[in-house]
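A.B. asks: okay, sequence plus prediction incoming.
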Amino acid sequence: MSRTPPPALLWLRQDLRTADHPALHAVAGQPVLPVFVLDESDPWAPGGAARWWLHHSLKALGEKLAALGAPLLLLRGKAADLIPELADALGAAEVHASRLYEPWARQRDAGIAKALEGQGRRLCLHSGATLLEPHRLRTGQGKPYSVYTPFARAVLALGDPPPPIPAPDRLRAAPPPREGLALDALDLLPRPPEPDWAAAFPEYWTPGEDGAAARLRDFAAQAAQGYDRGRDLPGEDRTARLSPHLHWGEVSPRQAWQAVAEGGKSGGHITWLKEILWREFAYHTLWHRPELPDTPLRPEFAEFPWQPDDTLLQAWQRGRTGYPIVDAGLRQLWRHGWMHNRVRMVVGSLLVKHLLQPWQQGSLWFWDTLVDADLAANSMNWQWVAGSGIDASPYFRIFNPILQGEKFDPEGRYVRHFVPELARLPDAWLHKPWQASPEMLRAAGLRLGHDYPAPIVDHEGGRKRALAALQALKAAE
């Protein structure tokens, strides 16, 4: 007579899928209780846009798990308390979860592992958010990598990742020892009197594992072929837009890698796979440099002469800088919870260089407004723009927002869509409306300073001020 195996607790976090899920695969043969805990005590709890995504992703995952036979339990509170309590009440010998790499999450998991050990239980962490564990690779000198290119070469030398694991056909539910919350009780969506800033999100996004699979399938089959050429054109839909799906674990890096690699060997496919490797590099850096989210990795930048100014910061946040490509990006961010990759660099450069605002302020704004807000990638990219990170763009390389707009949005599709008050301007003046003649402005129905702001800083003046700040930093060393 066969014995029923003890129940297991499956603690879901940023792995909201059923396929290629090593933690789920490990418990698929025993009674399992899947649980998600909304822990708002985390120092980097999800921002507003990410909470919208999380609501819909949990809804999709809950339906999938229920169909497989093991409904999802939703809880709210401190995971450090709830997980050991729930494991004890369930009688679970093991708690399985996908490994997280943020420093606070690593510390919390160590505490939970110790608490479970005191109960005679075990926390089993599985790799599922990256192609390989961030601590696995070292340079020939035994040190972490600090330059992307040799890191990418080292990953590629390992060969293709293992094939993804299929989703289970069926799960056996372990009866929950306590009642969970309804999804709406997690209060993840904007509610009155707060404006519904997410109203347009559903037109652009389909959170959940099925939405991720559809987006990946379409990108691998079509858009990836021209990704190397089209990824810099914000007026065209040529990017993958998989970043929020990857962040929330609705698709695994292995699934994404396999789908795109099998789609072909064009320049576009290879270029996009390198983006996956940049994400891996960000996690590698966060693992070895846990100060990445708020401290410059280049120590000299700790003394950089920033000039914090709330008025400038708010104009930037609201897309009212007077530079059309920048304002279009920031308005896209507000409307869609996402910003085109090329435009992110231009937007970031204007903030930290022309406006001399600390990169941490930009990082915090993105954290609250991006559906794909990922601590490793967001922090790494902002330090790249600011010149303070490892393998970063030098601070003296300052994007010209006018030339960037003219080069990458030459017909103005992107700017006209997100900054409609400029729509009637001819292409020649669209990215520099302040240089248009009064007659041209009148014909376009545009009053500078009223319908659309004049630049809050002159490009050349802002550039000189940024370079002077850099020289002041060097002189102080």
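C.D. replies: Structure's in. What do you need?

A.B. asks: stretch 441-449 - what's its average pLDDT?
C.D. replies: What stretch 441-449 shows for mean pLDDT is 95.

A.B. asks: using PDB, write out every CA atom in it.
C.D. replies: Taking C-alpha atoms only, stretch 441-449 is exported to PDB below (Å, rounded to 0.1, in the frame of the first residue of the first chain):
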ATOM      1  CA  LEU A 441       3.800  78.300 -35.200                       C
ATOM      2  CA  ARG A 442       0.500  80.100 -35.900                       C
ATOM      3  CA  ALA A 443      -0.200  77.800 -38.900                       C
ATOM      4  CA  ALA A 444       0.300  74.800 -36.600                       C
ATOM      5  CA  GLY A 445      -2.000  76.300 -33.900                       C
ATOM      6  CA  LEU A 446       0.800  76.400 -31.400                       C
ATOM      7  CA  ARG A 447       1.700  78.900 -28.800                       C
ATOM      8  CA  LEU A 448       5.100  78.200 -27.200                       C
ATOM      9  CA  GLY A 449       5.000  78.700 -23.500                       C
END
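
A.B. asks: not counting its own residues, what contacts that stretch?
C.D. replies: Residues from elsewhere that reach stretch 441-449 (CB atoms under 8 Å, 6 or more residues apart in numbering): 421, 422, 424, 425, 433, 434, 436, 451, 452, 454. For the C-beta atoms, the positions are set from N, CA and C on the backbone; glycine is no exception.

A.B. asks: any quick ChimeraX command for the buried ones out of those residues?
C.D. replies: Selection of buried members from the contacts of stretch 441-449 for ChimeraX, criterion 16 or more other CB atoms under 10 Å:
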select :421,422,425,433,436,452
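
A.B. asks: now for the contacts of stretch 441-449, which pair is the farthest apart?
C.D. replies: Greatest spacing in these, by CB to CB: 424 and 454 (18.0 Å).

A.B. asks: make CSV from the contacts of stretch 441-449 and add distance to residue 49 and secondary structure to it.
C.D. replies: Shown next, in CSV, are the contacts of stretch 441-449 (distance: CB to CB, whole Å; DSSP: H, G, I helix; E, B strand; the rest coil):
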residue, distance to residue 49, secondary structure
421, 24, helix
422, 25, helix
424, 31, coil
425, 30, coil
433, 29, helix
434, 32, helix
436, 35, coil
451, 28, coil
452, 25, strand
454, 30, coil
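
A.B. asks: return the member of the contacts of stretch 441-449 nearest to residue 298.
C.D. replies: residue 454 (34.6 Å).

A.B. asks: any stretches of this structure with poor pLDDT?
C.D. replies: 1-2, 264-265, 477 (pLDDT under 70).

A.B. asks: mind redoing it with 80?
C.D. replies: Along the chain, the model assigns pLDDT under 80 to residues 1-4, 222-225, 263-267, 475-477.

A.B. asks: pull up the pairing partners for the longest strand along it, direction included.
C.D. replies: With secondary structure taken from DSSP state E, the chain has its longest strand at strand 31-38. For strand 31-38, the paired strands and their directions (DSSP bridges) are strand 8-12 (parallel), strand 73-76 (parallel), strand 172-173 (parallel).

A.B. asks: just so I know, which of those lies nearest residue 305?
C.D. replies: That would be, of the strands paired with strand 31-38 and by CB to CB, strand 73-76, which comes in at 43.1 Å.

A.B. asks: give me the buried positions along the closest one.
C.D. replies: In terms of neighbour count (16+ other CB under 10 Å), strand 73-76 has its buried residues at 73, 74, 75.

A.B. asks: can you name the next helix or strand after it?
C.D. replies: Per DSSP states H and E, strand 73-76 leads on to helix 79-90 as the next helix or strand towards the C-terminus.

A.B. asks: list the helices and strands that following helix packs on?
C.D. replies: strand 8-12, strand 31-38, helix 103-118 (3 or more CB pairs under 8 Å, 6 or more residues apart in numbering; DSSP states H and E).

A.B. asks: redo the ones you listed as TSV? Include distance to residue 324 and mean neighbour count.
C.D. replies: Converted to TSV, those look like this (distance: least, CB to CB, whole Å; neighbours: other CB atoms under 10 Å):
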stretch	distance to residue 324	mean neighbour count
strand 8-12	42	26
strand 31-38	39	23
helix 103-118	39	16
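
A.B. asks: so which of these comes closest to residue 176?
C.D. replies: In terms of CB to CB, the element of the helices and strands packed on helix 79-90 nearest to residue 176 is strand 31-38, at 5.7 Å.

A.B. asks: how much space between residue 371 and residue 172?
C.D. replies: Counting by CB to CB, to the nearest Å, the separation of residue 371 from residue 172 is 34 Å.
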